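Visitor: Predicted coordinates and the sequence they were generated for:
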Amino acid sequence: MLEDVYSRAGFLNVSVQTLPIQRRFPSAADAIRTMRNNVGDLRELMSRLKEADRELAWTEIERQLCQFEGPNGFEAPGEVLIGVGTK
């Protein structure tokens, strides 16, 4: 999808790479707090839910994220896409 966006924008020699990352926070609660306040796409999706459903969703997200909490705090694997092209 990212490669297609670059190409439609007129970029040539488009390349997209996936890089693994580790998301780290002092705790799962800190990760949730960051997600609730900063993640634009997630906030947009959550805003479409009724308040009660939104709170249920956040409760389930927190429950699932707790599996990534350990002695070093919250550490969850993830990935980012890096796209490049020439114009």
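Guide: Thanks, I have the structure now.

Visitor: can you map out the strands along the chain?
Guide: Along the chain, the segments classed as strands by DSSP state E run 12-25, 69-70, 73-86.

Visitor: Out of these, flag the one nearest Ile61.
Guide: In terms of CB to CB, the element of the strands of the chain nearest to Ile61 is strand 73-86, at 11.7 Å. Quick note: C-beta positions are derived from backbone N, CA and C, even for glycine.

Visitor: which neighbours does the closest one have in its sheet, and in what orientation?
Guide: strand 12-25 (antiparallel), strand 69-70 (antiparallel) (DSSP bridges).

Visitor: and among those, the most buried is which?
Guide: strand 69-70 (a mean of 13; mean count of other CB atoms under 10 Å).

Visitor: picking up where we left off before, between the strands paired with strand 73-86, which gets nearest to Ser47?
Guide: Among the strands paired with strand 73-86, strand 12-25 comes nearest to Ser47, with 22.7 Å by CB to CB.

Visitor: what pLDDT, on average, does that closest one get?
Guide: Strand 12-25 shows a mean pLDDT of 95.

Visitor: From the rest of the structure, what touches that strand?
Guide: 2-3, 6-7, 31, 34, 72-87 (CB atoms under 8 Å, 6 or more residues apart in numbering).

Visitor: buried subset of the residues you listed?
Guide: Buried members of the contacts of strand 12-25, scored by 16 or more other CB atoms under 10 Å, are Tyr6, Ala31, Phe74, Gly85.

Visitor: what comes up buried for the helix-or-strand element of the chain with minimal mean pLDDT?
Guide: Counting by mean pLDDT, DSSP states H and E, the chain has its least confident helix or strand at helix 40-47, which shows a mean of 82. By neighbour count on 16+ other CB under 10 Å, the buried set for helix 40-47 is Met46.

Visitor: Run through the neighbouring helices and strands of it.
Guide: helix 51-65 (3 or more CB pairs under 8 Å, 6 or more residues apart in numbering; DSSP states H and E).

Visitor: Repeat the analysis, applying 10 Å as the threshold.
Guide: For helix 40-47, the elements it packs on are helix 28-38, helix 51-65, judged by 3 or more CB pairs under 10 Å, 6 or more residues apart in numbering; DSSP states H and E.
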